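> only geometry, no sequence info:
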């Protein structure tokens, strides 16, 4: 499944990735079963000092990350954002009656429904690893717009795979798109953001660090 990515719009690039996660119940069910372990072992140690009062869960899928955010006592609101309407519909049913949840179907590039400076935690786990680097940068501009100026942070789980520049991410290991920990820091700086910390992730303990965590804040 190889596509030419030359001269494609941001909207096309976002939809190209989003198509793969329409109605994939088996994937979401398996990922749900892993979520508590991932959170305890990897995510929470990286983000535990952050402010979770007003969260945004980007590319939320069936809401497994949203569930963990809602479990935090400090959490007052979670914007649940996804490009796919069937995922939004699933989360409507899943979080029915939960007043802290706001559901948004976006275009995969922008989140205009959320007010500037209103988010204390912009959160994306297990999705941005597939995003085209141009889409990643577009979301970094949204991070800059949305973060609360003093305590706002962005936790981004992204690709650290540079083996196929310009290639179709379906042809890369584990569908990782072209991105690196250094490129993330570079884009962040250009968008007025500061890297607080980064960590490369070696899922298989084979020295192939194809993923990374990055924590960002606004530049002062």
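Nice, I can see it. A quick note: this is a predicted structure, and the numbers were derived from the prediction, not measured.

> In the helix or strand encompassing residue 89, which residues are buried?
According to DSSP states H and E, residue 89 maps onto helix 85-94. Neighbour-count burial for helix 85-94 flags 87-88, 90-91 (criterion: 16 or more other C-beta atoms under 10 Å). (Each C-beta comes from the backbone N, C-alpha and C, glycine too.)

> Rebuild those residues as a markdown table, extending it with pLDDT and distance to residue 117.
Below are these laid out as a markdown table (pLDDT from 0 to 100; distance: C-beta to C-beta, whole Å):
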| residue | pLDDT | distance to residue 117 |
| --- | --- | --- |
| 87 | 96 | 27 |
| 88 | 97 | 25 |
| 90 | 96 | 30 |
| 91 | 97 | 25 |
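
> In terms of distance to residue 160, which of these ranks first?
Nearest to residue 160 among these: residue 87, at 25.6 Å, using C-beta to C-beta.

> Next up, the contacts around the closest one.
Residue 87 sits next to 21-22, 60-62 when contact means C-beta atoms under 8 Å, 6 or more residues apart in numbering.

> if you set the cut-off to 6 Å instead, what comes out?
Residues in contact with residue 87, defined by C-beta atoms under 6 Å, 6 or more residues apart in numbering, are residue 61.

> measure it to residue 15 for me?
For residue 87, the distance to residue 15 equals 14 Å [C-beta to C-beta, to the nearest Å].

> again, but for residue 37
Counting by C-beta to C-beta, the gap from residue 37 to residue 15 is 31 Å.

> of these two, who's got more company?
With neighbours defined as other C-beta atoms under 10 Å, residue 37 and residue 15 compare such that residue 15 has more, 16 against 9.

> Bridge partners for residue 215, pull those for me.
Residue 215 has these beta-bridge partners by DSSP bridges: residue 155, residue 197.

> who are the neighbours in contact with it?
Contacts of residue 215 (C-beta under 6 Å, 6+ apart): 153, 155, 196-197.

> Buried among those residues? Make that a PyMOL selection.
This is the PyMOL syntax for the buried subset of the contacts of residue 215, where burial follows 16+ other C-beta under 10 Å:
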select buried, resi 153+155
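
> so what's the residue nearest to the spatial centre of the chain closest to, chain neighbours aside?
Geometric centre of the chain, nearest residue: residue 124, 2.4 Å, by C-alpha atoms, centre = their mean. Nearest residue to residue 124, sequence neighbours excluded (C-beta to C-beta, 6 or more residues apart in numbering): residue 58, at 4.1 Å.

> Appreciated, that's everything.
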